[in-house]
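In: I would like the atomic coordinates for the input below:
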Amino acid sequence: MKQLISLFFILAIGHAVLAQPLPGSAQSDLTLPSARIACGPWLQAVGENEFTVVWTTDVESAVWVEIAPDDGTEFYGMERPKYFQAKYGKRLIGKLHKVRITGLEKGTTYRYRIFQQAIILNEGNKRIILGEGYGSDILKSPPFKATTLDPDKKEINFTMVNDVHGNDSLFRLLLADARKRKTDFVVFNGDMLTSTENESQLMDGFLKSAGELFASDLPFYAVRGNHDIRGEFSYNYFDYFPNCNNNPWYSFRSGPAYFIFLDSGEDKPESDIRYFGLSVTDQMRKEEAEWLRSVVEMKEFKEAPVKIVIMHMPPMQNGWYGTREVNRLFMPVLNQAGIDLMLCGHTHRLSYSEKGTENSFPLLINSNTSRVDLHVTGTAIEARVVDGSGNVVKSYNIQK
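Out: Coordinates of the predicted model:
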């Protein structure tokens, strides 16, 4: 019986395909379903020679990305290279898509567009039927753009938000003008949600708004907060935020600044009842400290005029367990590494400490209702704390 139903379905689909009218014909409006963009795209893992495009579709799909130089030529003027989401020589299908674009020039802007084809029928080796290609329509709106990092750039601008906890309205207020402010990238410094139980929370909490406001053209770099580690769907966190290191911690050079992103882990001891015996944050932080020791010895790090560390929980000698652990494991390394600024969140209160108070560098902790706009040159860091109404709450000028 199942075989007869399957055969009937295949014949019906085949009839639908054959019944499609020729181009220009108005004989029939019968069409196969098309995959639509559910969320995104958003740029991730932008480096000197690559970037990754991430988006979701409403149905299972096979996808690709086409790119072109930002040189004023018609996108349709020639065949453009296609990049596929693939693994071990085979294109992947699904609803979450991550396409990595490589072999690019540093400090160069590229145009790109995304495409997807719905999986109409998938019977493995027997038969696969794909829907029509659908994606960014460059006849109705310009292609998306992505700019690779440039270590030779004399100055950069970036913005940081943290501890939004799924407040999408606040998120939109803080980042509504990210494009207009000529921001090079945005930093999400942890606790963007209170916990992550499903994909919808990620989408509705901030990702849909990020894609709409800026993330199709301006990348964001994400680091986990303690709340991002919690929830049934938290295991999937890095599926949506790939980075250059394939770990919760990573680093890169942009303009005059070298950035180190650290995962501060959970804030309470692993025996806490809220973790149900599943937390192994202590082991993760030890591995991270080993990685950190190797990073500060790298030539690229040492030669950078400015060095910035981004971490959700601030180091504290007398705070909660997690803040004391990052202080114990990370600060002995960072205090000897010539760091110029550390940016944190977590406390939901704005605070700033000059170097020499407890650490050998300034520490700026942003609140949960403001953003920090930073302008970095080879000799100084200017930081402005801005609230949801666009008012400058506080300004700091850090000289090298």
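In: Can you spell out the domain ranges of this structure, please?
Out: 31-147, 156-399 (automatic domain parsing).
In: Turn those into CSV, including mean pLDDT and mean neighbour count.
Out: Any C-beta I mention is one placed from the backbone N, CA and C, and that applies to glycine too. Listed next are the domains of the chain as CSV, based on pLDDT from 0 to 100; neighbours: other C-beta atoms under 10 Å:
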stretch, mean pLDDT, mean neighbour count
domain 31-147, 91, 16
domain 156-399, 95, 18
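In: Strand partners (parallel or antiparallel) of the lengthiest strand in the chain?
Out: With secondary structure taken from DSSP state E, the chain has its longest strand at strand 51-69. Next to strand 51-69 in the sheet, as set by DSSP bridges, lie strand 37-44 (antiparallel), strand 82-84 (antiparallel), strand 93-101 (antiparallel), strand 109-122 (antiparallel).
In: Relative to the whole chain's centre, how far out is whichever helix or strand comes after the second one?
Out: Read that as strand 82-84. Using DSSP states H and E, the helix or strand that follows strand 82-84 towards the C-terminus is strand 86-87. Centroid separation for strand 86-87 versus its chain: 20 Å, with C-alpha atoms, centre = their mean, to the nearest Å.
In: Please enumerate residues in contact with the helix or strand following strand 86-87?
Out: Helices and strands here follow DSSP H and E; after strand 86-87, the next one along the chain is strand 90-91. Outside strand 90-91, the residues within contact range by C-beta atoms under 8 Å, 6 or more residues apart in numbering are A62, F84, Q85.
In: for stretch 224-234, same thing?
Out: Outside stretch 224-234, the residues touching it (C-beta under 8 Å, 6+ apart) are 162-163, 165, 189-199, 201-202, 237, 248, 263-267, 274, 279, 281, 312-313, 322, 345-346.
In: Let's see that with 7 Å instead.
Out: For stretch 224-234, contacts defined as C-beta atoms under 7 Å, 6 or more residues apart in numbering pick out 190-199, 237, 248, 263, 265-267, 312-313, 322, 345-346.
In: Of the residues you listed, which belong to helices?
Out: Taking DSSP state H as the definition of helices, the contacts of stretch 224-234 contribute E199, Y237, G322.
In: Could you export the residues you listed as CSV, including distance to V386?
Out: Listed next are the ones in helices among the contacts of stretch 224-234 as CSV, based on distance: C-beta to C-beta, whole Å:
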residue, distance to V386
E199, 30
Y237, 27
G322, 28
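In: Can you tell me which of the residues you listed lies closest to E297?
Out: Nearest to E297 out of the ones in helices among the contacts of stretch 224-234 is G322 (C-beta to C-beta; 26.2 Å).
In: quick one: the closest one and S264 touch, right?
Out: Yes. Proximity of G322 to S264 meets the contact threshold set by C-beta atoms under 7 Å, at 6.3 Å.
In: Which residue, neighbours along the chain excluded, lies closest to F206?
Out: Distances taken as C-beta to C-beta, 6 or more residues apart in numbering place F171 nearest to F206, at 4.9 Å, with adjacent residues excluded.
In: My reading is that the one you found lies in a strand. Confirm?
Out: No. Read with DSSP: H, G, I helix; E, B strand; the rest coil, F171 is helix and lies in no strand.
In: How far does stretch 258-268 sit from its chain's centre?
Out: Centre to centre, stretch against its chain (C-alpha atoms, centre = their mean), the figure for stretch 258-268 is 16 Å.
In: Next, the distance between the ends of that stretch.
Out: Stretch 258-268 has its terminal residues 30 Å apart, counting by C-alpha to C-alpha, to the nearest Å.
In: what's the answer for stretch 178-191, then?
Out: End-to-end distance for stretch 178-191: 20 Å, by C-alpha to C-alpha.
In: Show me what it is in contact with.
Out: So stretch 178-191 is in contact with 156-163, 165, 175, 213-214, 218-228, 254, 310, 312, 343, 345-346, 373, going by C-beta under 7 Å, 6+ apart.
In: List the ones among those that fall in helices.
Out: L175.
In: Just the contacts of stretch 178-191: which are in strands?
Out: Among the contacts of stretch 178-191, the members falling in strands are 156-161, 220-223, 254, 310, 343, 373 (criterion: DSSP E).
In: Dump these to a markdown table, plus distance to S353.
Out: Shown next, in a markdown table, are those (distance: C-beta to C-beta, whole Å):
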| residue | distance to S353 |
| --- | --- |
| I156 | 24 |
| N157 | 24 |
| F158 | 21 |
| T159 | 22 |
| M160 | 17 |
| V161 | 21 |
| F220 | 26 |
| Y221 | 24 |
| A222 | 25 |
| V223 | 20 |
| S254 | 25 |
| I310 | 16 |
| L343 | 12 |
| D373 | 20 |
